[in-house]
Each structure stands twice: as C-alpha cells, then as structure tokens.
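Peer 1: just a sequence and a predicted model for now, questions to come.
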Amino acid sequence: MVQVEGDRVAIVRIEGELFAFQDRCPHREGSLSEGDLEGYVMHCPLHAWPFDVRTGLCPVIRGARIRTYALRVVGEEIQVAPFSGRVSPP
C-alpha cells in the first residue's frame with residue numbers, strides 16, 4: 001500500500017504485471033491490500049466483496065467499483081498516476 005496525493009493505493013503483481021487500485025472497499029471501507037487475491041480478483045477482508053484489479057469492477061454487485069490507477073516502472077521505482085488513465089512513457 002502506498003499514498004498517492006492522500007489516497008491509499010494498493011499495488012499487486014500478477015504474472016509479472018503490476019496493477020494499482022484504491023485500497024478502500026466502497027462497502028465498509030475495508031483495506032483491500034489486506035484481502036485475498038484470487039487470479040485478478042481482490043476480495044475485501046471484511047465481507048469478501050470481490051473487485052477485478054484490472055478494471056475496478058465488482059463482478060457480483062451491480063454498480064460497485066473501485067478506482068484503478070495507471071502506473072509505470074522507471075528503473076527500480078514504481079510511479080503511480082494520481083488519476084485514472086495512462087501514464088506516458090519517460
């Protein structure tokens with residue numbers, strides 16, 4: 001978990017690819033970085049709400065979603081954009 005402009009952002013590596021997403025479940029504000037990851041789906045530790053880390057969408061609760069963040073790796077540093085969207089290469 002990291003802070004991006006005051007927002008808690010979780011970062012996971014799946015099959016060599018990095019994904020960044022909001023670290024707060026919209027249901028009860030559970031810390032998603034403390035939840036269980038199954039494939040590309042992160043489960044909230046409080047009530048197991050699932051979220052696809054690639055899109056932010058919840059596959060079982062209509063309308064539920066988390067924010068995702070674009071990121072890039074520059075050398076040994078992971079840079080997370082403070083907004084949704086692509087990060088331009090350096």
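Peer 2: Received, thanks.
Peer 1: what is the end-to-end distance of stretch 29-44?
Peer 2: In stretch 29-44, first residue to last residue: 9 Å (CA to CA, to the nearest Å).
Peer 1: an error on my part: the question was meant for stretch 12-30.
Peer 2: Start to finish, the residues bounding stretch 12-30 are 17 Å apart (CA to CA).
Peer 1: spatially central residue for the protein, please.
Peer 2: Most central in the chain under CA atoms, centre = their mean is Phe21, positioned 1.8 Å from the mean C-alpha point.
Peer 1: the host helix or strand of it packs against which elements?
Peer 2: Here Phe21 sits within strand 17-22, counting by DSSP states H and E. Contacts of strand 17-22 with other secondary structure elements, assessed using 3 or more CB pairs under 8 Å, 6 or more residues apart in numbering; DSSP states H and E, are made with strand 7-14, strand 68-69, strand 71-74. For the C-beta atoms, the positions are set from N, CA and C on the backbone; glycine is no exception.
Peer 1: to the chain's geometric centre, what's the distance from it?
Peer 2: Between the centre of strand 17-22 and the centre of its chain there are 5 Å (CA atoms, centre = their mean, to the nearest Å).
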